[in-house]
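>>> Just the structure for this:
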Amino acid sequence: MITFINKETGFKSFAIAFSSFKQMISVVPPIMLLLGLMDVWVPRETMMKYMGYNSGVTGIILAILIGSVAAGPMYAAFPFTTVLLRKGVKFSNIIIFMNAWCVTKISTLIFEFTALGYEFTFARFLINFPGVILMGYLVEALMPKNELDRLYIDNA
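Numbering: from 1, shown residues only. Here you go, the predicted model:
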């Protein structure tokens, strides 16, 4: 529709959309391959032991580590989240993983360190790190029990 009103803006929009599609196509297949391997190779009991409801600090640390070393845009985390749900990972640990993917990713920290300096990087990290954990528990606490149960049943 925008192309009929302003051809230049319409063509720019199509170019941006096509560029985003190309990026997505280059990221999603390797992620899906790794998720398939994880789904087959890592038993549900192992994931529940280390990241499930009785995992404690170990689950938090693993969620942060996995999210921090992850590569790729945020939309690549959503299929991984589905696998974590299927494996019985505690919901707060899933939210912590997703927050870590966005906030504490090592590639982002390295970029910030070189571009903005260690003071900014260290300050932002110190402010965001507790928020990553707090947000996981807050979202889980605010989520209705029946919705959480439905999430796990639908992804079983």
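>>> hey, let's count contacts and neighbours off CA atoms from now on
Fine.
>>> Quick one: distance of the lengthiest helix in the chain to the chain centre.
Ranked by residue count under DSSP state H, the longest helix found in the chain is helix 7-41. Helix 7-41 sits 16 Å away from the centroid of its parent chain (C-alpha atoms, centre = their mean, to the nearest Å).
>>> List the buried residues of that helix.
Using 16 or more other C-alpha atoms under 10 Å as the test for burial, helix 7-41 gives V27, V28, I31, L35, D39.
>>> now the second one: how far from A76?
Using C-alpha to C-alpha, to the nearest Å, one gets 7 Å for the distance from V28 to A76.
>>> for the first one, same thing?
Summarising the geometry, the distance separating V27 from A76, computed by C-alpha to C-alpha, is 7 Å.
>>> now the third one
Distance of I31 to A76, computed by C-alpha to C-alpha: 7 Å.
>>> so who does the closest residue in space to N99 that isn't next to it in sequence touch?
The shortest distance from N99 to any non-neighbouring residue, by C-alpha to C-alpha, 6 or more residues apart in numbering, is to V132 (5.5 Å). By C-alpha atoms under 8 Å, 6 or more residues apart in numbering, the contact set of V132 is I96, N99, A100, V103.
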